[in-house]
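this is a predicted model, with the sequence first.
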Amino acid sequence: MLNVWVWGLFLPLIFRGYNPGTESKAPKIYTVEIREMKFVPAEIRVNKGDTIVWVNRDMVAHNVTEEKSKAWASPLLPVGKSWKMVASKNSAYFCSLHPVMKGRIAVQ
């Protein structure tokens, strides 16, 4: 009887929070290339917590700046340099040096 009581007490603790359909996925890394005065791809769909890396493969320096409130911005990215950020919410962004360059992050 004591054995059943012990298992009844500890078994739920062992399996607490385990739900086979809801395992969290490991964060992923996505790359956006800056080339020919464009962000490629121009729109990227990621999960919250994923990392986005912008790599400047163009012939001039660029940056990456959140468009609406300038909530975040990269430093100046010379040719061949990169910058990364962990995605937390939907954002439109642009290059403040070349405002025609625009991109969008869609966070799921």
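Now that the structure is in, tell me what you want to look at.

which residues in the protein form strands?
Listed in chain order, the strands of the chain (DSSP state E) span 29-35, 38-40, 43-46, 51-56, 65-66, 82-86, 91-95, 98-107.

closest to Ser74 out of these?
Ser74 sits nearest to strand 82-86 of all these, at 3.9 Å, using C-beta to C-beta. For glycine as for every other residue, the C-beta is placed from the backbone atoms N, C-alpha and C.

who's in contact with that closest one?
Residues from elsewhere that reach strand 82-86, judged by C-beta atoms under 8 Å, 6 or more residues apart in numbering: 27, 29, 49-56, 64, 72, 74-75, 77.

could you identify the most distant pair in these?
Farthest pair in the contacts of strand 82-86, by C-beta to C-beta: Gly49 and Asn56, 24.4 Å.

the two: which has the busier surroundings?
Each of Gly49 and Asn56 has its neighbours counted (other C-beta atoms under 10 Å); Asn56 has more, 23 against 14.

ok, back up a step: which of the contacts of strand 82-86 are buried, as a PyMOL select command?
The following PyMOL line selects those of those that are buried, judged by 16 or more other C-beta atoms under 10 Å:
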select buried, resi 50+52+54+55+56+64+74+77
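
which single one of the contacts of strand 82-86 is nearest to Val100?
Distance to Val100, by C-beta to C-beta, is smallest for Val64 among those, at 14.3 Å.

that closest one contacts Tyr93, correct?
Yes - the criterion here is C-beta atoms under 8 Å, and Val64 meets it with Tyr93 at 5.5 Å.

give me the number of residues near His62?
26.

excluding chain neighbours, what is closest to it?
Cys95 (4.6 Å; C-beta to C-beta, 6 or more residues apart in numbering).

on the strand side of things, show who that neighbour bridges to.
Following DSSP bridges, Cys95 is listed with bridge partners His98.

pLDDT wise, what is it at?
With respect to pLDDT, Cys95 scores 98.

next one: Lys25
Lys25 carries a pLDDT value of 81.

for Lys89, see how far away it is.
Separation of Lys25 from Lys89 (C-beta to C-beta, to the nearest Å): 18 Å.

again, but for Trp83
Using C-beta to C-beta, Trp83 is found at 18 Å from Lys89.

then Ile105?
Counting by C-beta to C-beta, the gap from Ile105 to Lys89 is 8 Å.
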